[in-house]
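J.: When you get a sec, could you give me coordinates for this:
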Amino acid sequence: MLLIQVNCSRCGLRFSICRRCWRGQAYCSDECRSAGGILTHRNAQRRYRQTSKGRCAHREAERRRRMRLSKKTVDDVSSTVHTLQYKISSSYGRSLFRKRAKIGGRSRCHFCGKYGTVVDRFPRRGYG
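T.: Sure, this is the predicted structure:
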């Protein structure tokens with residue numbers, strides 16, 4: 001089985017992936033993908049806000065927010081339920097994977113776990 005090695009776009013972790021699992025991945029985990037997507041969206045919003053259309057949209061949104069805050073509302077504080085949500089980080093599992101990625105000179109696919117040899121790129125398939 002052939003594997004290629006990919007660097008995660010967010011954390012820089014180098015992981016191997018087989019042809020069967022390869023879908024153009026740029027991130028090593030769901031955690032990195034969501035954090036990378038947030039960062040990409042934040043950069044796009046920053047560029048948009050620097051345009052005249054973006055400044056106008058931001059100005060209108062702030063005006064709507066101020067109008068909403070200025071309205072008087074009555075809220076019974078004792079009936080408001082606050083829930084705490086805890087998220088367990090998957091960095092512990094990734095650190096274990098880093099230690100076990102290479103065994104005996106062979107690498108392992110990050111997603112399906114099958115062993116194989118690392119190549120620079122997958123060879124072309126011969127169709128027809």
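
J.: out of everything not next to it in sequence, what's closest to the spatially most central residue of the chain?
T.: Nearest to the mean C-alpha position of the chain, by CA atoms, centre = their mean, lies Arg33 at 1.1 Å. Ranked by CB to CB, 6 or more residues apart in numbering and with sequence neighbours excluded, the top spatial neighbour of Arg33 is Tyr27, at 4.1 Å. (C-beta placed from N, C-alpha, C; glycine too.)

J.: and the one you found, how many neighbours?
T.: Neighbour count for Tyr27, taken as other CB atoms under 10 Å: 19.

J.: quick one: secondary structure of it?
T.: coil (DSSP: H, G, I helix; E, B strand; the rest coil).

J.: contacting residues for it?
T.: Tyr27 makes contacts with Cys8, Ser9, Arg10, Arg33, Gly36, as judged by CB atoms under 8 Å, 6 or more residues apart in numbering.

J.: so the first one sits right up against Ile17, yeah?
T.: Meaning Cys8. No. Here Cys8 lies out of contact with Ile17, judged by CB atoms under 8 Å, at a distance of 11.2 Å.

J.: what ranges do the strands span in this protein?
T.: Taking DSSP state E to define them, one finds strands in the chain at 2-7, 14-18, 102-103, 106-108, 115-118.

J.: nearest to Tyr115, of the contacts of Tyr27?
T.: Set against Tyr115, the nearest of the contacts of Tyr27 by CB to CB is Cys8 (20.7 Å).

J.: gap between the residue lying closest to that closest one once chain neighbours are set aside and Arg65?
T.: Distances taken as CB to CB, 6+ apart put Cys28 closest to Cys8, at 4.1 Å, once the chain neighbours are dropped. In this view, Cys28 and Arg65 are 37 Å apart by CB to CB, to the nearest Å.
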